[in-house]
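> I need the structure of the sequence given here:
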Amino acid sequence: MPNPSKPRMVGINHVALEVGDIRAALEFYGAIFDVRLRGQAPGMAFIDMGDQFLALSEGRSQKPDDHRHFGLVVDNRAPVRAALKKLGAKILPSRGLDFLDPWGNHIQVVEYENIQFTKADHILQGMQLTELNKNNHALDELRAKNMAPADV
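Got it, this is the predicted structure:
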């Protein structure tokens, strides 16, 4: 039951990654994903993900990530793996698809159908992704939280 005296986390607006070079980062991510810029500023680029975005910030100074990572949701993971192999990117051992970008950012790639995270229908329509659906496991997880109709 929610605690009315504390604010509730609703979602993530964006994730910020430190990279060595904005142009090189846009080329790297653009070779893997359909990259659409939301905007740019000196030393920054913002990659659109519908109602969210990925912020790239120039100036990575720490060592590569080990366990710290974020999960990036895609409509189809197979072409991501193929693009990473073609680029010679470091693919990490995992049950799914984890990789390090050239600056050591650890990214875990997950398919939309397999997870609870859900985009509203109007957002999917705006992203031209109306064919995306959830698999039964993801729907069962959502039903257990009363976040999906029983008849779906």
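
> CA atoms for contacts and neighbours, from now on please.
Fine.

> low pLDDT regions in this protein?
Applying pLDDT under 70 to the chain flags the ranges 152.

> how about the strands in this protein?
Secondary structure of the chain (DSSP state E): strands at 14-19, 37-41, 44-49, 52-58, 70-74, 90-92, 97-100, 106-111.

> residues contacting the residue nearest the centre of the chain?
Nearest to the geometric centre of the chain sits L72, at 2.0 Å (Cα atoms, centre = their mean). L72 is in contact with I107, Q108, V109, V110, counting by Cα atoms under 8 Å, 6 or more residues apart in numbering.

> filter those residues to the buried ones?
Buried by 16 or more other Cα atoms under 10 Å: I107, Q108, V109, V110, out of the contacts of L72.

> please report how far the second one lies from P149.
Looking back up the chat, that one is Q108. 29 Å (Cα to Cα, to the nearest Å).

> same check, this time on F53
29 Å.

> please apply the same query to G20.
As judged by Cα to Cα, G20 and P149 stand 45 Å apart.

> sorry, back to before: turn the strands of the chain into JSON lines, including distance to M1.
Formatted as JSON lines, the strands of the chain follow (distance: least, Cα to Cα, whole Å):
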{"stretch": "strand 14-19", "distance to M1": "27"}
{"stretch": "strand 37-41", "distance to M1": "37"}
{"stretch": "strand 44-49", "distance to M1": "31"}
{"stretch": "strand 52-58", "distance to M1": "27"}
{"stretch": "strand 70-74", "distance to M1": "27"}
{"stretch": "strand 90-92", "distance to M1": "38"}
{"stretch": "strand 97-100", "distance to M1": "34"}
{"stretch": "strand 106-111", "distance to M1": "29"}
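
> thank you, goodbye.
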